[in-house]
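# sequence and predicted model, in that order:
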Amino acid sequence: MSLNASARLPRSLLLRSLRKSGRRYVAACSSLKPRAGVTSVIKEKQIRAFSTARAVEEKIESFGVSTASDLSAGSKHILETFALSKAQGRPTFVAYTTIGYPTLEGTIDVIRGLERGGADIIELGVPFTDPLADGPTIQRANQVALENGVNSLDQCLEVVRQARKEGITTPFVLMGYYNPFLMYGEKKLMKACRDAGADGFIVVDLPPEEAASFKEAASSEGLSYIPLIAPTTSEDRVRTLLSHADSFVYAVSLTGVTGARKKNASNLPELLGRIKNYSDLPVAVGFGVGSPEQFSEAGEQCDGVIVGSAIIKHSSEAPEGELEESLANFCSHLTGRSLKEISETKAIKTDGPVNWVSDGHHDSGKVFDSLCPTLDESKYRFGEFGGRYVPETLMEPLEELEEVYSNVKDDPSFKEECAAFYSYIGRPTPLHLADRLTQHAGGARIWLKREDLNHTGAHKINNAICQALLAKRLGKSRIIAETGAGQHGVATATACAKLELECIVYMGAADVERQALNVFRMEMLGAKVIAVDSGSRTLKDAINEAMRDWVTNIQSTHYLVGSAIGPYPFPTIVRDFQSIIGSESRAQMLEKAGKLPDAVIACVGGGSNAIGMFHPFVGDESVRLIGCEAAGDGIDTNSHSATLAMGTPGVLHGTRTYLLQEKTGQIIGTHSISAGLDYPGVGPEHANLKFSGRAEYKPVDDRQALLGFKATTMKEGIIPALESAHALYQAIEEAKVMDKDQDILVCLSGRGDKDIGTIRKSLPKFGCKLNVRTIQE
């Protein structure tokens, strides 16, 4: 909502309100009693107060007062707070804490301490399992809060309600990630927040392209939606974001994750100038402020200063039983205001609204009406799924990636460049009629697309080589990647070695242990492998860490996503580069079988091999598409990765898709014998194929996967990856109930060398025996 001239309050009401507010501020400052060492400070405040009042009287005709009669109650509360701070000649102090940290009971002590210490607005962090834009300090605070049992918005709102009952009037802004808000229900959430006493929201991964319904619901209940603007934000997006602002703007001072730093960002004046060029709303700067010097420096340049990680850190170090007092003193020291001064200025009351007064140099409404671009979110989606749910810092590199990919995907020279590597990869891979496996099943013919024969031993190299070439078109020399089973990590390290690119691979610590061979292969290829020890220590957490790296190093770095997941355009890019699997298979089936297959089967974790196999067949209605998910210990347990069978729609890692999650929106830990399928989400195109009914998705548990592994190994002499073994088991089961003149095409996505250690340990557990002596643990 833009604040335009037609929506301003009547001039007489504004004048009366500002005069009254000015007189009360003058009176309060005049009553301040001199004390040793601060006489000059009080005198200066009194002079500034009288000057402010005279300016209101004398300059009212030239001021552009940007307070609209239709502003929400939350927006007014926040704007009044900024206006009062401005009248006092200081920046607004915006303090952050995580609800439930260091304890749920201690959160109220934290809030009291922040208010006593001079916090004008308090951001209350809603705990989430996967805070991908936050640094170690706030990550830890989220983890502790969840361990303390704070995993629902109802618990968070009870804290707000309790604070209001205690008489705390500071504006509260709920800050967090979208999925818990989405799962609560937007309309229900807004009513509950209004009733509890919250004033607005900062949603880290909800850009305006995705926020229409959220913002509408917030406005309907009098709550503010506060956008973030980053140094990477383009000029068009600055205008777009400001058109959605209705209280203040959160300026992210630097690229990277949250956390206190030794000095402020050097490009802050340029960022603030770009914002103020289009809006007179107050701007608060966050990310990195942690010392009095930094606070003072930032406060001289902007309307508000946001402090988070430094407060969290101090909360953890406060003496037992002294949390409130310790935080009050810390905040007082940080802002350079004594507790007595803070207490006295908080006693100032106004019986009318204190209005945010601009410098009168812009009519924001006209600027936005003429310059704000129209948003088209449909291109980011697969039906109801997909999108770009990412921190603002990542929007610009995503748009750059989209533009470059759009230009090269149909460029003959780029296609030739990719095709030139097919002989290096080993393409085309053969289509093999598994006659003994077919005989074993006793029904339909089973055909294997041998992606396990690719260089590096899996389908992952198809995407890795082409994305690495795309990165060179982007001018990026540093590549990061995530990996679960290690195959994507090996493929990325291989592509980087071949194309002379720096390579960093993030891998869950649990996967590092069970895929030690692939870790060694990556390191031999020159990659740096970083074990991620947070969360479940698996693929999900590796993706979180890779995205944090990307946020921090976007200028030099391309995130070479390995699966068909993430924000647009990644799912499309990965699908297109992997569609060579299905395109080759389709032609090979027509040549060898004389017809299309009756069913196509592939394993699904994130879903890159499956979407690459399925995509060329989607238009062939006679062909069944069957994805096989990891059912782990069984879908009747809490130990599985069957996202499409047991999950519900939500938002994670930049995309809307099916997730394994609690009703509160917290992501659930997963399990699979295969590291590559151990993921709580799935690619958004798979979500749409399930939702539309075009594809079927069936759970296959660990024991069944081992049976598929054993049958393929002993009947065909092919040792498949455990991921592929899920699809092979289902292929055997489908073949049993199909006619012998029918055909099943299976994507054998990788070879099983990497899994031998896991298999040796697991076979005895399930009573499966090969014709060799088993080694006991």
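Looks like it came in fine.
# which stretches of the stretch 1-150 of the chain form helices?
11-30, 39-59, 73-87, 106-116, 136-147 (DSSP state H, counting those that start in this stretch).
# mind listing what's buried along the third one?
Same thing as helix 73-87. For helix 73-87, a neighbour-count test (16 or more other Cβ atoms under 10 Å) marks 74-87 as buried. Using the backbone N, CA and C atoms, a C-beta is placed for each residue, glycine as well.
# report the mean per-residue pLDDT for whichever helix or strand residue 294 is part of.
Assigned by DSSP states H and E, residue 294 falls within helix 292-299. Regarding helix 292-299, the rounded mean pLDDT is 94.
# same question for stretch 235-253.
What stretch 235-253 shows for mean pLDDT is 92.
# roughly how far out does that stretch sit from the chain middle?
Distance, stretch centre to chain centre, for stretch 235-253: 19 Å (Cα atoms, centre = their mean, to the nearest Å).
# that one: which residues count as buried?
237-253.
# how about the CA coordinates for that stretch, as PDB?
Extracted C-alpha coordinates of stretch 235-253, given in PDB (Å, rounded to 0.1, in the frame of the first residue of the first chain):
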ATOM      1  CA  GLU A 235      16.000  -0.600  -8.800                       C
ATOM      2  CA  ASP A 236      12.800  -2.100 -10.100                       C
ATOM      3  CA  ARG A 237      12.500  -4.300  -7.000                       C
ATOM      4  CA  VAL A 238      13.200  -1.400  -4.700                       C
ATOM      5  CA  ARG A 239      10.100   0.300  -6.100                       C
ATOM      6  CA  THR A 240       8.100  -2.900  -5.900                       C
ATOM      7  CA  LEU A 241       9.000  -3.500  -2.300                       C
ATOM      8  CA  LEU A 242       8.400   0.000  -1.200                       C
ATOM      9  CA  SER A 243       4.900  -0.100  -2.800                       C
ATOM     10  CA  HIS A 244       4.100  -2.900  -0.200                       C
ATOM     11  CA  ALA A 245       5.500  -1.100   2.800                       C
ATOM     12  CA  ASP A 246       3.100   0.600   5.200                       C
ATOM     13  CA  SER A 247       5.100   1.200   8.400                       C
ATOM     14  CA  PHE A 248       8.900   1.000   7.900                       C
ATOM     15  CA  VAL A 249      11.500  -0.700   5.700                       C
ATOM     16  CA  TYR A 250      14.000  -3.200   6.900                       C
ATOM     17  CA  ALA A 251      17.300  -2.500   5.100                       C
ATOM     18  CA  VAL A 252      19.600  -5.500   5.100                       C
ATOM     19  CA  SER A 253      23.000  -3.700   5.200                       C
END
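# what about the longest strand in this protein?
Scanning the chain for the longest strand, with DSSP state E as the assignment, gives strand 624-632.
# helix or strand for residue 744, which one?
Going by DSSP H and E, residue 744 is in strand 743-748.
# for that strand, packing partners?
strand 445-450, helix 580-592, strand 599-603, helix 608-614, helix 722-736 (3 or more Cβ pairs under 8 Å, 6 or more residues apart in numbering; DSSP states H and E).
# make it 6 Å
With contacts defined as 3 or more Cβ pairs under 6 Å, 6 or more residues apart in numbering; DSSP states H and E, the packing partners of strand 743-748 are strand 445-450, strand 599-603, helix 722-736.
# deepest of the ones you listed, which one?
Highest mean neighbour count among the helices and strands packed on strand 743-748 (mean count of other Cβ atoms under 10 Å): strand 599-603, with a mean of 30.
# show me the contacts for residue 687.
385, 657, 658 (Cβ atoms under 6 Å, 6 or more residues apart in numbering).
# closest one to residue 307 out of those residues, please.
Among those, residue 657 lies closest to residue 307 (Cβ to Cβ), at 34.7 Å.
# wait, a strand at that closest one?
Yes. Applying DSSP: H, G, I helix; E, B strand; the rest coil, one finds residue 657 inside a strand.
# beta-bridge partners for it, please?
Counting by DSSP bridges, residue 657 forms beta bridges with residue 650.
# that one against residue 684, yeah?
Yes. The criterion here is Cβ atoms under 6 Å, and residue 657 meets it with residue 684 at 4.6 Å.
# overlap in contacts, the two.
Joint contacts of residue 657 and residue 684 (Cβ under 6 Å, 6+ apart) are residue 385.
# low-confidence ranges in the chain?
Applying pLDDT under 70 to the chain flags the ranges 1-71, 255-266, 347-377, 767-777.
# as CSV, the helices and strands packed on strand 743-748 with distance to residue 230 would be great.
Listed next are those as CSV, based on distance: least, Cβ to Cβ, whole Å:
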stretch, distance to residue 230
strand 445-450, 43
strand 599-603, 38
helix 722-736, 37
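# which among the ones you listed is found nearest to residue 133?
Here helix 722-736 is closest among those (Cβ to Cβ), at 30.0 Å.
# and that closest one, what does it pack onto?
Helix 722-736 sits against helix 435-441, strand 599-603, strand 624-632, strand 695-701, helix 702-716, strand 743-748, with contacts defined as 3+ Cβ pairs under 6 Å, 6+ apart.
# how about the nearest residue to residue 647, chain neighbours excluded?
What sits nearest to residue 647 in space, not counting adjacent residues and going by Cβ to Cβ, 6 or more residues apart in numbering, is residue 658, at 4.0 Å.
# in stretch 185-203, what's buried?
186, 189-190, 192-194, 196-203.
# among these, which are in helices?
186, 189, 190, 192, 193, 194, 196 (DSSP state H).
# tell me the contacts of residue 168?
Contact analysis of residue 168 by Cβ under 6 Å, 6+ apart lists residue 115.
# i'd like the first residue to be 13 from this point on
Okay, using 13 as the starting number, the last item reads as residue 180.
# just to revisit the earlier point, nearest to residue 634, of the helices and strands packed on strand 755-760?
Residue 634 sits nearest to strand 611-615 of all the helices and strands packed on strand 755-760, at 10.0 Å, using Cβ to Cβ.
# what's next to the closest one, contact-wise?
Residues contacting strand 611-615 (Cβ under 6 Å, 6+ apart): 621-622, 625, 629, 635-638, 640, 735-736, 738-739, 742-743, 746, 756-759.
# that one versus helix 714-728: what angle between them?
120 degrees (axes from the mean of the first three to the mean of the last three Cα atoms, to 10 degrees).
# burial count for the closest residue to residue 704 other than its chain neighbours?
Among residues not flanking residue 704 along the chain, residue 395 sits closest, at 6.5 Å (Cβ to Cβ, 6+ apart). Residues lying near residue 395 (other Cβ atoms under 10 Å) number 12.
# and residue 673, by the same measure?
Residues lying near residue 673 (other Cβ under 10 Å) number 23.
# please apply the same query to residue 515.
For residue 515, using other Cβ under 10 Å, the count is 24.
# that one and residue 507 touch, don't they?
No. Counting by Cβ under 6 Å, residue 515 does not reach residue 507; the two are 8.2 Å apart.
# got any residues that touch both of these two?
Common neighbours of residue 515 and residue 507 (Cβ under 6 Å, 6+ apart) do not exist.
# buried sites along stretch 153-168?
153-158, 160, 162-165, 167-168.
# then stretch 754-773?
Buried-residue list, stretch 754-773, by 16+ other Cβ under 10 Å: 755-764, 766-767, 770-771.
# out of these, which is nearest to residue 317?
Nearest member of the buried residues of stretch 754-773 to residue 317, counting by Cβ to Cβ, is residue 766, at 50.0 Å.
# and that closest one, that one's in a strand?
No. Using three-state DSSP, the secondary structure at residue 766 is helix, not a strand.
# surely it meets residue 532?
No. Between residue 766 and residue 532 there is no contact under Cβ under 6 Å: 10.7 Å.
# tell me, what's touching these two both at once?
Between them, residue 766 and residue 532 share no contacting residue under Cβ under 6 Å, 6+ apart.
# how about the strands in the stretch 513-662 of the chain?
Shown for the stretch 513-662 of the chain, the strands assigned by DSSP state E, counting those that start in this stretch span residues 514-520, 540-544, 569-571, 611-615, 636-644, 660-664.
# out of these, which is the most enclosed?
Ranked by mean neighbour count, the strands of the stretch 513-662 of the chain are led by strand 611-615 with a mean of 30 (mean count of other Cβ under 10 Å).
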